[in-house]
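> Next come a sequence and a model predicted from it.
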Amino acid sequence: MAVIYPFRALRPPVAQVEQVASVPYDVVSTEEAQALAADNPLSLLHVTRPEIDLPDGTDIYSDAVYEKAAENFQRLTNACPLEAEAESSLYLYKLVMGAHEQTGIAACCSVDEYDNDLIRKHERTRPDKEDDRTRHMLTLRAQTGVVFLTYRADRRIDALVAAETASAPLYGFTAPDGIRHTLWRAPAPEQIVRAFREVPLLYIADGHHRAASASRARATLRAHNPQHTGEEEYNRFLAVIFPSDQVQILAYNRVVKDLNGLQPDAFVARVAERFDVDENGTAQPTSPGQFSMYLGGRWYGLRFKGDVTGAATDPTATLDVSVLQENLLDAILGIKDVRTDKRIDFVGGIRGTDELEKLVNTGRAAVAFSLYPTTIDDLLRVSDKSGIMPPKSTWFEPKLRDGLLIHQI
């Protein structure tokens, strides 16, 4: 049973929403955040990436950064001003990216369900990133970032969402990246809440660190509240929940800085021991089980020669990211742990294969790998087995914007 909660959102007025709305904090570097927020004092990036308002080189985990976050949040609340809803509501959030559309339900979800694995995960989190967002939430007493959840599509919920989105929207704007964002308020959300009680499980698609940090923040606030009842807002976290048949996953590609001491010809020969190699490959694989490799100004097509077994007990074994990791990145390039090895980097599919070519052609990488996207069925299957996908297995597009809805805890 999935429990969702209406909440009293803190949100910008319609006239300021485009200025406040920002990309998620974790998809941009400090430098990119500075550029995006330049000349826009209302951008939520001043709150989510407050180091952009501090001297260059400031440690992003220093006390000064969290103090600046609190200062900027208060300034935004007053200057915008951010407005708190008088009544608890659910919201419908539609994203349009080219021909792709998806509409989700913005709600609060249960930290207890997260802790008890009724909200399924598929990714490990990094302690430093958890520490950061936990401290950010506790400093602001608010969740400014959204967890992206999914569920197995349910036609009854689809019908309820369609009825709610037939009215005039609360917000509607096209962001600078061309993605259209539309938000409706559902002031009488009881039917949607009841419908979700028949949804057996929710799944984290994107936002594992935000969910884990909400759990840690709840533990801290509960420990300091002798009157804790379980009904406090800190027992819930902000999410947008999309049906699985609307979710779009792009590839998460890899670039490696060197060939592990091998010359290009020797490297290709080593690859050919494990993969069928087509020297006239395409930049993007056309089906699962295919890989594209860019080396020396040429795309190669790869297909693993061996059998991938173990899907029944370990569905991660058949993932393309797992096959590439075990049989090439580790076995040939010596990259054991992609989370810690500085020789490898990752490029979201939204940047395209031109970005991979540029990194190799300019010498910033020696070789690049373009993958076929992991599917939503893969994600659900791995999550149902309590499995863990390799890091950087999925890149979801389009991205939700921070700042449209804030949950105060």
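Received, thanks.
> Helix or strand: which one has the nearest residue to residue 199 once chain neighbours are set aside?
In this structure, residue 199 finds its nearest non-sequential neighbour in residue 2, 4.2 Å apart by Cβ to Cβ, 6 or more residues apart in numbering. Where C-beta positions appear, they are placed from N, C-alpha and C, glycine not excepted. Under the assignment given by DSSP states H and E, residue 2 is not contained in any helix or strand.
> Next, give phi and psi for residue 2.
When read as degrees, to the nearest 10, the backbone of residue 2 gives phi -100, psi 130.
> quick one, what contacts it?
Contacts for residue 2 were tallied using Cβ atoms under 8 Å, 6 or more residues apart in numbering; they are 109, 113, 118, 151, 196-197, 199-202.
> what do you get if the cut-off is 10 Å, keeping everything else the same?
By Cβ atoms under 10 Å, 6 or more residues apart in numbering, the residues touching residue 2 are 107, 109-110, 113, 118-119, 149, 151, 193, 195-202, 241.
> Make a PyMOL selection of the buried ones in those residues.
Applying 16 or more other Cβ atoms under 10 Å to those, the buried members can be selected in PyMOL as follows:
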select buried, resi 107+109+110+113+118+119+149+151+193+195+196+199+201+202+241
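> In helices, which of the contacts of residue 2 fall?
Counting by DSSP state H, the contacts of residue 2 place 113, 193, 195-196 in helices.
> any idea which of those is closest to residue 384?
If you rank the ones in helices among the contacts of residue 2 by distance to residue 384 using Cβ to Cβ, residue 113 comes first, at 15.5 Å.
> The closest one contacts residue 3, correct?
Yes. Counting by Cβ atoms under 10 Å, residue 113 does reach residue 3; the two are 6.3 Å apart.
> Show me the common contact partners of the two, please.
Overlap between the contact sets of residue 113 and residue 3, as judged by Cβ under 10 Å, 6+ apart, is given by 119, 202, 236.
> Now the residues you listed in a markdown table, please, with extra columns for pLDDT.
Shown next, in a markdown table, are these (pLDDT from 0 to 100):
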| residue | pLDDT |
| --- | --- |
| 119 | 97 |
| 202 | 97 |
| 236 | 98 |
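> Which one of these is nearest to residue 281?
Taking Cβ to Cβ as the measure, residue 202 is the one of the shared contacts of residue 113 and residue 3 closest to residue 281, at 38.7 Å.
> For the closest one, list the residues it contacts.
Each residue near residue 202 by Cβ under 10 Å, 6+ apart is listed here: 2-4, 109-110, 113-114, 118-120, 147, 149-152, 196, 239, 241, 383.
> How about residue 51?
Applying Cβ under 10 Å, 6+ apart to residue 51 gives the contacts 30, 33-34, 57-62, 64-65, 68-69.
> how about a cut-off of 6 Å?
By Cβ atoms under 6 Å, 6 or more residues apart in numbering, the contact set of residue 51 is 30, 58, 60, 65.
> got a list of contacts for the helix or strand hosting the last one?
Meaning residue 65. Using DSSP H and E, residue 65 falls within helix 63-79. Helix 63-79 is touched from outside by 46-47, 50-51, 53-54, 135, 139-140, with contacts defined as Cβ under 6 Å, 6+ apart.
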